[in-house]
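Trainee: Generate coordinates for the sequence data below:
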Amino acid sequence: MIYTITFNPSLDYVIQVDHFKPGIINKTKFEEILPGGKGINVSIVLSNLGHESTALGFMAGFTGKEIEHKLESYGAKTDFIHVKKGLSRINVKMKSDEETEINGMGPDIQPEDIQELFNQLDTLTEKDVLVISGSIPSTLPDTMYEQIIERVQEKKIKVVVDATNNLLLKVLKYKPFLIKPNNHELGEIFNVELNTRDEVIPYAKKLQEMGAQNVLISMAGQGAVLVSDNNEVIQSKAPKGIVVNSVGAGDSMVAGFLAGYLETGNYEKAFINGLCCGSASAFQVGLATKEDVENVKKTLSEN
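Mentor: Residues are numbered from 1 along each chain as shown. Below you'll find the model as predicted:
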């Protein structure tokens, strides 16, 4: 089973307002409500690709129940911890002449809630995959990533980490199966600017030297690079298409890579699946489906 952890899931209220003006009543032209969070996106895309996953994390109140309901409607399983204090957050994402986001706080996570998550992780086995991604809310210790990975270390679980800066660097000693920074995040780690696929390769190898087994670098329009644990360097330009919405594209790449690897055991096929899955999500409003990914693969082969 693949397990994803989203520490602070949300309901994303996505609205379109023509020529938003502060201080007056503005009316929406379009609106939808979606479950949000990096791990949740991974679970949705895995479900779209035909792979089961269970979404873990913390939820609270009526908004938390709606997150569960919406996620299950996509075919993903949930096993969220129900927090007693506060509400799962609502994030407002307004598209107008300028894009504006207002993110909620989320519930008040207590030590007993954290212990319940640890108890869930204790049931995992070496056959499972654990995806940890996204930021840590203020009610959790900033060592949360480390505590989780250390707890499952002896189980030899494949751990995937999609995080930035210190959150990522501090877990490399645990030798995660896969990490997925983008080229800008990679550049921030080493205080350099990385714009081409060739430029990211030596820095991806440095992350390997620090402990990561496989390093997948997403680069938006420049494509992607994989430095694998068998010393392969696999890279590709981006598939052709018009970017509609980049939110969730990186999460889709993680899901696509995992699906491809679990199906074939082949890093190159997993890489192409991840690249096309990320692009398929970027080329539309919603997250990629299996059909979307196959269509993008055709355009990549035609390039």
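Trainee: Only C-alpha atoms, please: export the helix or strand hosting residue 199 in CSV.
Mentor: Per DSSP states H and E: residue 199 is located in helix 197-209. What follows is helix 197-209, C-alpha atoms only, in CSV (Å, rounded to 0.1, in the frame of the first residue of the first chain):
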residue,chain,number,x,y,z
ARG,A,197,19.2,20.2,-17.2
ASP,A,198,22.9,19.8,-17.4
GLU,A,199,23.5,22.4,-14.7
VAL,A,200,21.3,20.5,-12.1
ILE,A,201,23.1,17.1,-12.5
PRO,A,202,26.1,17.7,-10.3
TYR,A,203,24.0,19.2,-7.6
ALA,A,204,21.5,16.3,-7.7
LYS,A,205,24.5,14.0,-7.3
LYS,A,206,25.6,16.0,-4.3
LEU,A,207,22.2,15.2,-2.7
GLN,A,208,22.9,11.6,-3.5
GLU,A,209,26.2,11.8,-1.7
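Trainee: which helices and strands sit right next to it?
Mentor: Helix 197-209 sits against helix 183-190, strand 214-218, strand 224-227, strand 233-236, with contacts defined as 3 or more CB pairs under 8 Å, 6 or more residues apart in numbering; DSSP states H and E. For the C-beta atoms, the positions are set from N, CA and C on the backbone; glycine is no exception.
Trainee: domain parsing for the chain?
Mentor: Domain assignment for the chain by automatic domain parsing gives 1-20+27-158, 177-303.
Trainee: Go ahead and measure how far the first one is from the middle of the chain.
Mentor: Right, domain 1-20+27-158. Computed by CA atoms, centre = their mean, to the nearest Å, the separation of domain 1-20+27-158 from the middle of its chain amounts to 10 Å.
Trainee: Start the count at 54 instead of 1 going forward.
Mentor: All right, first residue 54 from here; so that's domain 54-73+80-211.
Trainee: Helix, strand or coil: sort out residue 185 for me.
Mentor: Residue 185 carries the three-state label strand when classified by DSSP: H, G, I helix; E, B strand; the rest coil.
Trainee: Tell me how far the spatially closest residue to it that is not a sequence neighbour lies from residue 189.
Mentor: Excluding the flanking residues, the one nearest residue 185 by CB to CB, 6 or more residues apart in numbering is residue 58, at 5.0 Å. The spacing between residue 58 and residue 189, counted by CB to CB, to the nearest Å, is 11 Å.
Trainee: In terms of neighbours, single out the busier of the two.
Mentor: With neighbours defined as other CB atoms under 10 Å, residue 58 and residue 189 compare such that residue 58 has more, 25 against 15.
Trainee: May I have the beta-bridge partners of that one?
Mentor: residue 109, residue 185 (DSSP bridges).
Trainee: Break down the stretch 204-353 of the chain into its helices, ranges please.
Mentor: In the stretch 204-353 of the chain, the helices defined using DSSP state H, counting those that start in this stretch lie at 218-222, 236-243, 250-262, 302-317, 320-335, 343-355.
Trainee: Residue 86 bridge partners, please.
Mentor: The residues that residue 86 bridges to, once DSSP bridges is applied, are residue 66.
Trainee: Need the per-residue pLDDT for it.
Mentor: For residue 86, the model assigns a pLDDT of 93.
Trainee: try residue 293
Mentor: On the pLDDT scale, residue 293 gets 88.
Trainee: Find the centremost residue of this protein, please.
Mentor: residue 304 (3.2 Å; CA atoms, centre = their mean).
Trainee: shouldn't it be in contact with residue 99?
Mentor: No - using CB atoms under 8 Å, residue 304 is not in contact with residue 99, being 10.0 Å away.
Trainee: Confirm that residue 144 sits in a strand.
Mentor: Yes - under three-state DSSP, residue 144 sits within a strand.
Trainee: these two touch, right, it and residue 158?
Mentor: No - Residue 144 lies out of contact with residue 158 (CB under 8 Å); the separation is 10.5 Å.
Trainee: Between these two, tell me which one has more neighbours.
Mentor: Taking other CB under 10 Å, residue 144 and residue 158 do not tie; residue 144 has more neighbours (19 against 13).
Trainee: if I look at residue 90, how far off is residue 185?
Mentor: For residue 90 relative to residue 185 (CB to CB), the value is 12 Å.
Trainee: Compare these two and say which is more crowded by neighbours.
Mentor: Neighbour totals were compared for residue 90 and residue 185, and residue 90 leads with 30 against 25 (other CB under 10 Å).
Trainee: Right, I'll call it a day here.
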